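**Q** sharing a sequence plus its predicted fold:
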Amino acid sequence: MPAKNGPPEKMLFQLALRRRGISDQAVLRAMEEVPREAFVANADRADAYRDSALGIACGQTISQPFVVAYMTEQLHLQKSHRVLEIGTGSGYQAAILSHLAGQVLTVERFRTLADAARSRLETLGCDNVEVMLGDGLNLPANLGEFDRILVTAAMVQIPDSLTERLGPDGILIAPIGPHHGVQTLVRITRKGSGLERKELVDVRFVPALPGIAREL
Ligand code: SAH
């Protein structure tokens, strides 16, 4: 099929998100404004607005649009928020976050992916996003607190090192479960000195792995 990402395709994309239950207007607008075709492999451009995950470099994936919209909606973002994303991948989710939050720090363990995402986000003018090469499971202490934390790689459990970085009333969302199989999207909310946990929906993400990736 030839690539055709014109208006009809984008209208269907919006319709599909609404039909699946995304109702936050600001989230729908961000999904409309960010060109997903800029984040997928050239060969997949014709499929950019289908509701499916696609392969990207380094054996990783760009998430399914519904899941991106759903996680974003669950974060209840405000323009004042400082957000941490673990698992930059293509940079698509970071671009969506950049439209709704104040500042976004996104961390990726593959240099190839981090560099590509950084240049895409720059080209698109997402200048409130910083892409960092690093290990989201072992972040430097000096990054400070975040209002929102979004993990987009599967973790067997939520490390204390992440919940400790949540500011007051902070929300963390992460896919928790086995590395290969189905995980549950879990939402952690900081309430005073405690943490509230809610299980949302089943998802499938590539695993969160330790350390900076070695590349050829
Ligand atoms: N949010 C991405 C999709 C994430 S795919 C997008 O919008 O395209 C998951 C990504 O997490 C992969 O790129 C993988 O390399 C990265 N990742 C896995 N473990 C990580 C870790 N410990 N620290 C940082 N990134 C990690």
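**A** Happy to help now that I have it. Here the structure is a predicted model, which is why all the values come from computation and not from measurement.

**Q** so how many other residues sit close to residue 111?
**A** Neighbourhood size, residue 111 [other CB atoms under 10 Å]: 14. Every residue, glycine included, has its C-beta placed from N, CA and C.

**Q** identify the residues contacting it.
**A** With contacts defined as CB atoms under 8 Å, 6 or more residues apart in numbering, residue 111 is in contact with 133, 212-213, 215.

**Q** weed out the non-buried ones from those.
**A** Buried members of the contacts of residue 111, scored by 16 or more other CB atoms under 10 Å, are 133, 213.

**Q** in strands, which of the contacts of residue 111 appear?
**A** Taking DSSP state E, the ones among the contacts of residue 111 that sit in strands are residue 133.

**Q** and which of the contacts of residue 111 is nearest to the ligand?
**A** residue 213 (6.5 Å; CB to the nearest ligand atom).

**Q** can you pull the contacts of the closest one?
**A** Contacts for residue 213 (CB under 8 Å, 6+ apart) come out as 58, 109-111.

**Q** recalculate using a threshold of 7 Å.
**A** The neighbours of residue 213, taking CB atoms under 7 Å, 6 or more residues apart in numbering as the test, are 58, 109-110.

**Q** mind putting the residues you listed in JSON lines, secondary structure included?
**A** Below are the contacts of residue 213 laid out as JSON lines (DSSP: H, G, I helix; E, B strand; the rest coil):
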{"residue": "58", "secondary structure": "helix"}
{"residue": "109", "secondary structure": "coil"}
{"residue": "110", "secondary structure": "coil"}
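
**Q** out of these, flag the one nearest to the ligand.
**A** residue 109 (4.1 Å).

**Q** is the residue most central in space within the chain in a helix, a strand, or coil?
**A** By CA atoms, centre = their mean, the chain has its centre lying nearest to residue 93, at 3.8 Å. Using three-state DSSP, the structure places residue 93 in helix.

**Q** does it touch residue 87 like I think?
**A** No - with contact defined as CB atoms under 7 Å, residue 93 does not count as touching residue 87 (8.1 Å).

**Q** before we move on, the earlier item: by neighbours, which of the contacts of residue 213 wins?
**A** Neighbour counts for these, by other CB under 10 Å, peak at residue 109, which reaches 25 neighbours.

**Q** what's it in contact with, if anything?
**A** Per CB under 7 Å, 6+ apart, neighbours of residue 109: 135, 209, 211-213.

**Q** Throw those residues into TSV and include distance to the ligand and pLDDT, thanks.
**A** Conversion of the contacts of residue 109 to TSV gives the following (distance: CB to the nearest ligand atom, whole Å; pLDDT from 0 to 100):
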residue	distance to the ligand	pLDDT
135	5	97
209	5	97
211	7	97
212	8	97
213	6	97
